[in-house]
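Peer 1: quick check, what structure comes out for this input:
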Amino acid sequence: MWRFLTAPFRGIWRLIDILRQLLANLLLLVLVTAIALAWWLSRAPDIADGSVLFLAPEGRLVEAATPPAPTDLLQGGRGVSEVVLDDLLVAIRRAATDKRIRALVIETDRLGPAPITKLAALREGIAAFKASGKPVVARARRYNQAQYYLATAADEILLAPDGYVLLQGLARYGTYYKRALDHLGVKVQVFRAGKYKSFVEPYTRTDMSPEDRAVTRELLDAVWDGLRADVAGARKITPAAVDDYVIGYRNLLAAAGGDTAAMARTQGLVDELMDDNAWAAYQKTRFALDPAAGTPSRVDVDAYLAATADWTRQDGGAIAVLNAQGAIVDGEGPPGTVGGDSTVAMLQALRDDPRVRAVVVRIDSPGGSAFASEQIRLALQALREAGKPVVASMSSVAASGGYWIATGADEIWAAPLTLTGSIGVFGLFPDVSEPMQRLGLDVDGVATAPLAGALDPRRPLSDDASAALQLGVEHTYNRFLARVADARNISLDAADAVAQGRVWTGADAKARGLVDQLGGLEQAVAAAARLAGLSEYHRVEAEAPLPLRLQLLQQLMPDLAQPSGSVGGQWLAQLRRDALELVSWNDPDHLYAHCQCAPLAP
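Peer 2: Okay, the predicted model is just below:
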């Protein structure tokens, strides 16, 4: 009888189970089809003889792409596009020796924020391409300063008739919060070691300190001198003519009747004015390209890299390159930061990998947690003790905690205009007791010792806690000096003389013994191979793989994974990066080796 009563339910359950299996199989089929379709669409194209490589970077230049979070993909991107510098350099380098590539075209309209060190590296790569005898042409509807600096690497610069070349010089302005904090009653207790450690000044001053003003002026002058000389040399005009264009822009524009494009041509900054139709006709005549009809002879960087993927050498020993990009934080760290634990884990894996013979750590960081910086330095030291040489390669910024990391290497390489040094330490502690009292909020309780509950921002910082924090800052600064002195084989006094939070360019740092050699990533990789005794070697990228769920999301939603380049998206992305950096400040001792030195950009 019971079997009779349950029989219909068993039938329904079997039906549900069959439907469940069908849906699961259907989902699996859709997933496999999507992945196969993505692979088919991304397969390497053939490169025709007489092709032209188009260098059209979209977004900001970075050392490594920021890994997306699941919400990024589901919400439609990260806000600002990113283009990896090394991808562009590899494509240019391969195209120089590729007989199928006849020329290089640079289109800069969508190039976003770009530190001068990265632009200089691109210009060097383009100069090597030109040395092969192949022409380089740059064209844009308009050029801002960074875009124009890149374009000057070309043999010929073209501009739209309604465009402009905007050269403005360099500036650095910061926001100072002291008056606002005073108005709110918020007190920021500052503890620092280093005369020039200016990171804390926005919270303690209403303007730039004389020390910070002097250092910043020197840095800006050094960068501008280099940029102006590069532009003048490329355009065969005098540096004074560049200054006249920048300083006398208003008068020159008035003389040109307000025609910015004609003014740029008259002053020798561009060669020809071409609208979109004339540019299309130029491509037909010069390169046999038809932009309207489409042609396989136009090759973009991504397609070219895919088509030449088999050019990557795999012979000889492996030199691993690990990117340390972003603020240094304790623990794993969110995307876009250098997590102490996650970076140490990757370095330990490289130490234990028998295929890896040496490591290059590519640093693009203003610093951060002193504790995490020391953990990463120790991991680099362990690599060296295991017999694997380590070379630090500095990108746009390798300062404060970024330099702390570099002291763990056998050799330090930097670009001439890298911002480095900033050897100093600080601590910040907010006191919101006064605003709480204004709101009628009282804090009271008991403690078993003077320091119990001392770091509660609702209560004023006690004298004991203040003294302890300052002593901790000074001790950490002395440890930093000891790391520098030991790594650079100098005395503590000599280390202190180039420290005190002072920021140096790469060239100045080399002159003062903080850097061994000037050069880019490729030279650093070659140096690592030399230290490892390798005559033949190949490079491998050391990076943590994306979780499977993110890989699937990227495959299933490729369009959503592409960041937006809108102006609003750029502002929101910048706000997001700033907020993430603020909340990621998690040093266990509240001590930071961080530099207020954003990459200098034209």
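Peer 1: all helices of the stretch 301-450 of the chain, in order?
Peer 2: 301-307, 340-352, 370-385, 401-406, 433-438 (DSSP state H, counting those that start in this stretch).
Peer 1: and the stretch 51-200 of the chain, by the same measure?
Peer 2: With DSSP H, counting those that start in this stretch as the criterion, the stretch 51-200 of the chain has helices at 70-75, 85-97, 116-130, 145-151, 178-184.
Peer 1: and for the stretch 451-600 of the chain?
Peer 2: 463-488, 492-497, 506-511, 521-531, 548-556, 567-583.
Peer 1: which elements pack onto the longest one?
Peer 2: On a contact count with 3 or more CB pairs under 8 Å, 6 or more residues apart in numbering; DSSP states H and E, helix 463-488 meets strand 187-193, helix 370-385, helix 401-406, strand 425-431, helix 492-497. Using the backbone N, CA and C atoms, a C-beta is placed for each residue, glycine as well.
Peer 1: now render the ones you listed as CSV, adding mean pLDDT and mean neighbour count.
Peer 2: Shown next, in CSV, are those (pLDDT from 0 to 100; neighbours: other CB atoms under 10 Å):
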stretch, mean pLDDT, mean neighbour count
strand 187-193, 79, 20
helix 370-385, 96, 21
helix 401-406, 96, 32
strand 425-431, 80, 20
helix 492-497, 94, 15
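Peer 1: relative to residue 125, which of these is closest?
Peer 2: Closest to residue 125 of the helices and strands packed on helix 463-488 is helix 401-406 (CB to CB; 24.0 Å).
Peer 1: what does that closest one rub up against?
Peer 2: For helix 401-406, the surrounding residues in contact (CB atoms under 8 Å, 6 or more residues apart in numbering) are 324, 328, 361, 363-370, 372-374, 376-377, 380, 392, 394, 398, 412, 420-423, 480, 483-484, 487, 514, 592-595.
Peer 1: just the buried residues out of those residues, in PyMOL syntax.
Peer 2: To isolate the buried members of the contacts of helix 401-406 in PyMOL, using 16 or more other CB atoms under 10 Å:
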select buried, resi 324+328+361+363+364+365+366+367+368+369+370+372+373+374+376+377+380+392+394+398+412+420+421+422+423+480+483+484+487+514+592+593+594+595
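Peer 1: closest one to residue 345 among the helices and strands packed on helix 463-488?
Peer 2: Closest among the helices and strands packed on helix 463-488, using CB to CB: helix 370-385, at 8.7 Å.
Peer 1: export the closest one as CSV, just CAs?
Peer 2: What follows is helix 370-385 as a C-alpha-only set of coordinates in CSV (Å, rounded to 0.1, in the frame of the first residue of the first chain):
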residue,chain,number,x,y,z
ALA,A,370,57.1,48.8,6.4
PHE,A,371,56.3,45.3,7.7
ALA,A,372,55.3,43.9,4.3
SER,A,373,58.3,45.5,2.6
GLU,A,374,60.6,43.8,5.0
GLN,A,375,58.9,40.4,4.5
ILE,A,376,59.3,40.7,0.7
ARG,A,377,63.0,41.7,1.1
LEU,A,378,63.6,38.6,3.3
ALA,A,379,62.0,36.5,0.5
LEU,A,380,64.4,38.0,-2.0
GLN,A,381,67.3,37.3,0.3
ALA,A,382,66.2,33.7,0.6
LEU,A,383,66.3,33.4,-3.2
ARG,A,384,69.8,34.7,-3.2
GLU,A,385,70.8,32.3,-0.4
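Peer 1: that one to strand 425-431, inter-axis angle?
Peer 2: Helix 370-385 runs at 150 degrees relative to strand 425-431, counting by axes from the mean of the first three to the mean of the last three CA atoms, to 10 degrees.
Peer 1: helices or strands up against helix 370-385?
Peer 2: Where contact means 3+ CB pairs under 8 Å, 6+ apart, helix 370-385 is packed against strand 328-329, strand 338-339, helix 340-352, strand 356-365, strand 390-399, helix 401-406, helix 463-488, strand 592-594.
Peer 1: thinking again about what came up before, need the helices and strands packed on helix 463-488 in TSV with distance to residue 284, can you?
Peer 2: Output for these, formatted as TSV (distance: least, CB to CB, whole Å):
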stretch	distance to residue 284
strand 187-193	62
helix 370-385	53
helix 401-406	48
strand 425-431	60
helix 492-497	61
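Peer 1: pLDDT weak spots in the stretch 201-350 of the chain?
Peer 2: Applying pLDDT under 70 to the stretch 201-350 of the chain picks out residues 293-295.
Peer 1: is it correct that residue 529 is in contact with residue 313?
Peer 2: No: using CB atoms under 8 Å, residue 529 makes no contact with residue 313, being 11.9 Å away.
Peer 1: write down the beta-bridge partners of residue 319, one by one.
Peer 2: Beta bridges link residue 319 to residue 358, residue 539 when assigned by DSSP bridges.
Peer 1: just give me the neighbour total for it.
Peer 2: 27 (other CB atoms under 10 Å).
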